[in-house]
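Trainee: Model the structure of this input:
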Amino acid sequence: MARRSGGIKRSSWVTFRRRLFLVRQLLRSPASAEELITRVQTELGVNGYPANAAAALKHDLDSLKGEYDCRIVYRRDQGKYVIVDLGELALLDLPPQSLEALALLDASYPAGSANPTHASIRALIDQVIQMLPNRAQTHLHARRSATRQKAPSGRIDPHVLAAVRQAIEEKRELTFRYWGLSNGEAPRRHRVAPYGIFFRNNGCTYLDATLLEVQPPGAEQLFAPVDYRLDRIVPGTAQVLPTPLPPERLRAPAVTLRYWLHPEVVQRGEGWSFFPNAHVEYSDDGSALVTATVSNLSVARDVLLRYGDRCRVIEPPELIDLIRETVDAMASLYGNPVAVR
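Mentor: So this is what the prediction gives:
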């Protein structure tokens, strides 16, 4: 009587399911042998690996490379396996219209975008492309070179973004060299307490941080909140420091701000909305006296200078000196005034 082959079929099915699970895990992220074995045992239970799991894992990976031409490499510097190419095990074969849509997304979200959300979309696009057959990937690469527009200015270095995210997640100090808008000729070293990344409508991405130190020193106020444009951080200089952040955010000492606004500014309803705790006293002539509490004099200067001669700071004296220095520097750019004929 012939033996039934159900056991062999089931064994083959279990093996294929296990190897397909390994591919899915490596598509998600690089993983060590120990991580892969643990995930297989958790997912498949009794259908997972036998006692000699390390040898069985190696056999599975060798079979994927031999039978399906998958390129799976071991990165010794990371101690992890990485899937480079699915070979004949491509999981997607999209119709032409879907490939055209994917090509458009590929061109619209290039690597190194200044927007973290765009970077996540880019990672998703790369994963989808990785699951395509080689011929489809070749088609997309050809379309990319033909349709991708020149990268806009303001591109963020990926290593800078990675260091900033790591410092925020691990709540540790961060140091970098920064091209400021008025720092002079060379970038300076900033040491900061990082708290978050946000995106503004001007197309730039910023780091919300508290300034702890700057070398060489400048006009910046220590322990004041600063919004750093990530594309102005010098590539290769961002470093996560071992120093942990304090439980509560460091803040510069608060000072009282008082300034006068011209009636034209008051009539437009402007001049105090930037300061959430502002108190406004209106005068009979339509002008107003605004009192607020601030901790960053540089930001207050930039806000109030937008009103030109329609605003006059009354206190603190440090802000008056800061505005006077800025106005003198602006006047020096234009030389002697032109006589009015």
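
Trainee: how about the helices in the stretch 101-250 of the chain?
Mentor: Remark: helices assigned in the stretch 101-250 of the chain by DSSP state H, counting those that start in this stretch are 116-130, 134-147, 158-170.

Trainee: elements contacting the last one?
Mentor: Going back to what we said before, that points to helix 158-170. strand 172-178, strand 188-199, strand 239-244 (3 or more C-beta pairs under 8 Å, 6 or more residues apart in numbering; DSSP states H and E). In this view, the C-beta of every residue, glycine as well, is placed from N, C-alpha and C.

Trainee: Quickly, which of those strands bottoms out on average pLDDT?
Mentor: Per-stretch mean pLDDT for these is lowest at strand 188-199 (a mean of 91).

Trainee: Please write out the alpha-carbon positions of that one in PDB.
Mentor: Provided in PDB are the C-alpha atoms of strand 188-199 (Å, rounded to 0.1, in the frame of the first residue of the first chain):
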ATOM      1  CA  ARG A 188      29.300  78.600  14.800                       C
ATOM      2  CA  ARG A 189      29.000  75.700  17.200                       C
ATOM      3  CA  HIS A 190      25.600  75.500  19.100                       C
ATOM      4  CA  ARG A 191      24.900  73.200  22.000                       C
ATOM      5  CA  VAL A 192      21.100  72.900  22.600                       C
ATOM      6  CA  ALA A 193      18.400  71.000  24.400                       C
ATOM      7  CA  PRO A 194      16.200  69.600  21.500                       C
ATOM      8  CA  TYR A 195      12.500  69.200  22.000                       C
ATOM      9  CA  GLY A 196      10.700  68.700  18.700                       C
ATOM     10  CA  ILE A 197      10.700  69.100  14.900                       C
ATOM     11  CA  PHE A 198       8.000  71.100  13.100                       C
ATOM     12  CA  PHE A 199       7.200  72.400   9.600                       C
END
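
Trainee: And the contacts of it?
Mentor: 115-117, 164-165, 167-168, 173-178, 180, 205-216, 218, 226, 228, 230, 237, 241, 245-246, 249-250 (C-beta atoms under 8 Å, 6 or more residues apart in numbering).

Trainee: Let me know the distance separating the closest residue to Asp93 other than its chain neighbours from Tyr68.
Mentor: Nearest non-adjacent residue to Asp93, counting by C-beta to C-beta, 6 or more residues apart in numbering: Pro133, 5.9 Å away. For Pro133, the distance to Tyr68 (C-beta to C-beta, to the nearest Å) stands at 12 Å.

Trainee: what's the answer for Leu99, then?
Mentor: As judged by C-beta to C-beta, Leu99 and Tyr68 stand 22 Å apart.
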